[in-house]
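**Student:** Could you work out the structure for the sequence below:
(chains A and B)
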Amino acid sequence: MFIIKHKKIFISISIILVLLSVASLFIFGLRIGIDFNGGALTEVVYKDSRPAQSDLDTVFKTLDLGSLLIQPTGELGYIVKSLDLSEAQHALLLKTLSQDGKSPLEEKNFNSIGPSVGRELTRKAIIAIVLVSLGIIFFIAFAFRKVSNPSAVGRHGVASWKYGLMAIISLLHDVIIPIGLFTLLSHFYGAEVDTLFVVAALTILGLSVSDTIVIFDRIRENLRNKISTSFSETVGKSLDQSYMRSIFTSLTVIIVLLSLFFFGPESTKYFALMLTAGMFFGTYSSIFLASPLLVLVEEWQEKKRK
Amino acid sequence: MIKKLISIIIVLILGSAVAFFVFKSEPKLNSNFQNESSFFKNSPFRLGLDLSGGSHLIYKADVSGVGAGDVTVSMDALRDVIERRVNLFGVSEPIVQVQSSGFVSGAEEKLIVDLPGVTDVEKATAMIGQTPLLEFKTEAPTGATQNATVDKDGKVTLDAGSQFVSTELTGRYLQKATLEFDQTTREPKVSLQFDDTGTKLFARITKDNVGKMVAIYLDGAPISTPVVREEIPNGQAVISGNFTPVEAKQLVGRLNSGALPVPISLLSRQTIGATLGGDAVAAGVKAAIIGFLVVALFLILWYRLPGLIAVFALCIYIAIMLALFKLLPVTLTAAGIAGFIISIGIAVDANILIFERLKEELHSDRTIIDAVTAGFHRAWSSIRDSNISTIISAMILFWFGTSLIKGFALTLGIGVLVSMFSAIMISRIFLSGLVLIGEGKVSRFLFSSGISK
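**Tutor:** Next up, the predicted model:
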């Protein structure tokens, strides 16, 4: 019942976080990676010692490779970001990095993506986002297809589509906050939007909606069983019954995600972090946002009627 | 009673068998892997390029010169040619696939080439793009100008290029090249069979040039200059340059692979060094093990006996998943491993849903047996609902996928499906069997969970 009593505080927290995320998105923006923009990324590791970055910069300025960004990585490595490179340009880049063979190096990773491949991936990503969103909305509609809208005694019930709407609102909340978090990572640590970012966002959609639906199911079950005379109390009791399970099911996923973040491969670090945030706020929203919002809606509904 | 015990034993035996298979088919876990049966040997984990190291190339095919109806045919022909060329490098399990134009993939016809283990991308692209040029030339008519150079020692070198003139006969009219070994000298030779047009051309050339030399040029250089003894009407020729067996074999392969049906240009390249891939595998395995251990610890501490059972079920789940990865097979990428690790967390979800229900049922003063049955029964709709949305996402991602994404969507999707099976079948069989330990304070404590009594 605690949650319902203080529902306005919890809803406000969500609103503030969403607003901050949107603000951060506008202020910092997202850094789009080469997956979508096209370009090249070369990662090299030197065998003995790494030449000074300023030395390399000066040499690169004299070459016709377009604008280059050299970032140190690890103890002996550099990552070079550039426009997409032809084979000759790539060979020139490696030769320059190795200072004509004076500093032997190993190329660990080379990725050159032409602009048309980037455009193709962008189109695919947009289609996937639209399809997943539609799929999830249809699923929500299906989950709330039963027209029956059991009501508390003496009051009108909350229509099924409003349950669905609340589920979608909390879903947006679950995706927007991790994206806001990512803009910070993007700004301060140089994280870039790549295919994994899109996958993370879409996976959050899939993972976080289920919690909300399960709790809503419990609420409707309790309304039918008339466990209480007031709507808000029914919702409160339903939350009391289901919040443990919600938290624990998310907790196990968060445990493995954190393990993936701390010990897993470098390439999936930001991915794991974003999903962790998604799972966390997904659980938060199903307990502290979606159901309190329902109560709020029901109260407004009654006020209007009077 | 006995029935339940038998089901538990069957599940345990099957689970161990699956785990045994996974263990036996891993070279790293078996010291004398070479002696294993081929069934085990042929079931390794299939690692994607980002884990094994290698090159990923995307070519654009220029099909503007091909009629609209023939695009598919020529793209398939292109794939076959490139596949044959790639196979010549001795790359293990290369993947060459056509990506047709369409609403989703864009207007270009693309060819995607994955070369595991090949990190010298310059060499690889050079070899893929290379078409051997085979030409047959005849002696220039006497009297024609011949270029000769005299070096400083006074030695005269005749420029071979001017000695011969081109004919119409080229590698285009080649039907088949085969590798042969000379009966007496054991030297490798390349035997050529021309097609109909080629046979006619070759017959005419040999007829006109009896007693003269015919030069066979490969990529602009003469490799063999045999003297024609008589007309050859059957369209067969033999090249015996001073080949090593390997060179001869490569030449045969390249000649057979023929010319590209449509021109291609490289759009994008990705090369991942083997060390980077190896590090990613090690990190992925570490993350999976640590994640599993922490989840297992949590389950046992919080849910006690049912938790322990869930851990058993989770072990079987993991064994089934790994076996599926090997048998289907699923190409594992870093994202794929991430999907698998996440699926471990999700697999536990179903158990938790059941246990929380179980706890509620126990609170409402049911017997343990009733509570277990009711717990499973009531949790099912929640389990189904909480997995459908994940399956929807996974399916769309799989379809959207580049190979990276496909790996993730596949492991996550399979994971969710298998986890539903494992929660419903395996956990249930275990739990309903353990109910046999009876009703009492101790067993009630064991079946309860958390800090509650």
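
**Student:** looking at this, residue B:211 is in a helix?
**Tutor:** No. Under DSSP: H, G, I helix; E, B strand; the rest coil, residue B:211 sits outside any helix and is assigned coil.

**Student:** so where is the stretch 301-450 of chain B shaky, pLDDT-wise?
**Tutor:** For the stretch 301-450 of chain B, applying pLDDT under 70 flags the ranges B:401, B:403, B:435-442, B:446-450.

**Student:** show me the contacts for whatever residue of it ends up closest to chain A.
**Tutor:** Of the stretch 301-450 of chain B, the residue with the smallest distance to chain A, taken as CB to the nearest CB, is residue B:393 at 3.0 Å. Quick note: C-beta positions are derived from backbone N, CA and C, even for glycine. By CB atoms under 8 Å, 6 or more residues apart in numbering or on different chains, the contact list for residue B:393 reads A:132, A:135-136, A:202-203, A:205-207, B:409.

**Student:** what's the most distant pair in those residues?
**Tutor:** Greatest spacing in the contacts of residue B:393, by CB to CB: A:136 and B:409 (15.2 Å).

**Student:** so how far is residue A:237 from residue B:114?
**Tutor:** Distance of residue B:114 to residue A:237, given as CB to CB, to the nearest Å: 56 Å.

**Student:** what do you get for residue B:82?
**Tutor:** 65 Å.

**Student:** Have a look at those two and say which one is more surrounded.
**Tutor:** Higher neighbour count among residue B:82 and residue A:237: residue B:82, with 23 against 17, using other CB atoms under 10 Å in any protein chain shown.

**Student:** That one: helix or strand, and which one exactly?
**Tutor:** Using DSSP states H and E, residue B:82 sits in helix B:71-88.

**Student:** Could you tell me how many residues sit around the residue of chain A found nearest chain B?
**Tutor:** Chain B sits closest to residue A:206 of chain A, with a gap of 3.0 Å, by CB to the nearest CB. Neighbours of residue A:206 under the rule other CB under 10 Å: 26.

**Student:** The closest residue to it other than its chain neighbours: what secondary structure?
**Tutor:** Take residue A:206 and drop its neighbours on the chain: the residue closest to it by CB to CB, 6 or more residues apart in numbering or on different chains is residue B:393, 3.0 Å away. Under three-state DSSP, the three-state class of residue B:393 is helix.

**Student:** ok, residue B:393 to residue A:265 distance?
**Tutor:** In terms of CB to CB, residue B:393 sits 22 Å off from residue A:265.

**Student:** Would you list the phi and psi of residue B:191?
**Tutor:** Main-chain dihedrals, residue B:191, degrees, to the nearest 10: phi -100, psi 130.

**Student:** Okay, buried residues for stretch A:206-224 please.
**Tutor:** A:206-223 (16 or more other CB atoms under 10 Å in any protein chain shown).

**Student:** Export only the CA atoms of that stretch, formatted as CSV.
**Tutor:** What follows is stretch A:206-224, C-alpha atoms only, in CSV (Å, rounded to 0.1, in the frame of the first residue of the first chain):
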residue,chain,number,x,y,z
GLY,A,206,10.8,-7.1,-25.2
LEU,A,207,12.0,-7.7,-21.7
SER,A,208,10.4,-4.9,-19.8
VAL,A,209,6.8,-5.1,-21.0
SER,A,210,6.2,-8.5,-19.5
ASP,A,211,6.5,-7.3,-15.9
THR,A,212,3.9,-4.7,-16.4
ILE,A,213,1.5,-7.1,-18.0
VAL,A,214,1.9,-9.7,-15.2
ILE,A,215,1.2,-7.1,-12.5
PHE,A,216,-1.8,-5.8,-14.5
ASP,A,217,-3.1,-9.3,-14.8
ARG,A,218,-2.9,-9.7,-11.0
ILE,A,219,-4.8,-6.4,-10.5
ARG,A,220,-7.6,-7.6,-12.8
GLU,A,221,-7.7,-11.0,-11.1
ASN,A,222,-8.1,-9.3,-7.8
LEU,A,223,-10.7,-6.9,-9.1
ARG,A,224,-12.8,-9.9,-10.2
